[in-house]
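*Asks:* have a look at this prediction, sequence included:
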Amino acid sequence: MRPISPDAASLQQDVHGLYSDHHAWLLNWLRRRLRHADNAADLAQDTFLYVLGRPEQIRELHQPRAWLSTIAHGLLVDKVRRQRLEQAYLTAIAQLPEPEVPAPETRLILLETLAQIDALLDGLKPKVRTAFLLSRLEGLGYQEIAERLEISVSSVEKYMATAIRHCYLAQRK
């Protein structure tokens with residue numbers, strides 16, 4: 001077993017201190033916003049798991065509660081988005097004829113892929129997102145997209161450039 005370096009030990013203390021000083025507060029903050037205490041406890045733990053992945057930021061904190069609540073809120077938004085996506089996916093699958101229903105393993109892969117696409121396109125304006133999806137998923141040309149969205153072809157070109165740039169930058173993060 002390797003000894004812990006002084007810097008790693010200090011970081012470990014910082015994480016422990018953040019947890020012990022603010023976990024109860026975060027849990028209560030989440031309980032006030034959520035209906036179920038179990039969901040609040042899970043989200044509090046997820047928040048600190050997220051923090052563990054960014055220990056270097058702990059040392060620079062001036063407002064730890066603001067940081068923790070921002071992380072927790074973001075995780076909650078992601079969870080709600082994922083639940084909505086999953087429900088829409090399950091609704092779509094329920095409408096398929098039995099022979100076309102994907103196997104459970106395939107469903108899981110498809111759902112994960114949809115979640116990744118959704119996260120990648122997060123932040124795009126609805127028309128930009130729609131134009132991009134019509135192009136990439138349905139294979140429509142710019143003229144067809146323009147007609148469907150009732151916009152000009154030059155707007156479609158701008159939307160596509162915006163979406164492609166957004167995806168590129170999102171992947172680099």
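*Replies:* Arrived safely. Residues are numbered from 1 along each chain as shown.
*Asks:* for the chain, just list every one of the strands.
*Replies:* Along the chain, no segments are classed as strands by DSSP state E.
*Asks:* and the helices in it, which stretches?
*Replies:* All helices of the chain, identified by DSSP state H, fall at 6-33, 37-52, 55-58, 64-94, 104-121, 126-136, 142-149, 153-172.
*Asks:* just those helices: most buried one?
*Replies:* Greatest average neighbour count among the helices of the chain goes to helix 126-136 (a mean of 18), per mean count of other CB atoms under 10 Å. All C-beta spots, glycine's among them, are computed from the backbone N, C-alpha and C.
*Asks:* what angle sits between that helix and helix 104-121?
*Replies:* Put simply, helix 126-136 runs at 130 degrees to helix 104-121, going by axes from the mean of the first three to the mean of the last three CA atoms, to 10 degrees.
*Asks:* and residue 39, what does it touch?
*Replies:* For residue 39, the contact set (CB atoms under 8 Å, 6 or more residues apart in numbering) comprises residue 30.
*Asks:* pLDDT weak spots in this protein?
*Replies:* Filtered on pLDDT under 70, the chain yields the residue ranges 1-8, 173.
*Asks:* what do you get if the cut-off is 80, keeping everything else the same?
*Replies:* Residues of the chain meeting the criterion pLDDT under 80: 1-12, 35-37, 55-61, 171-173.
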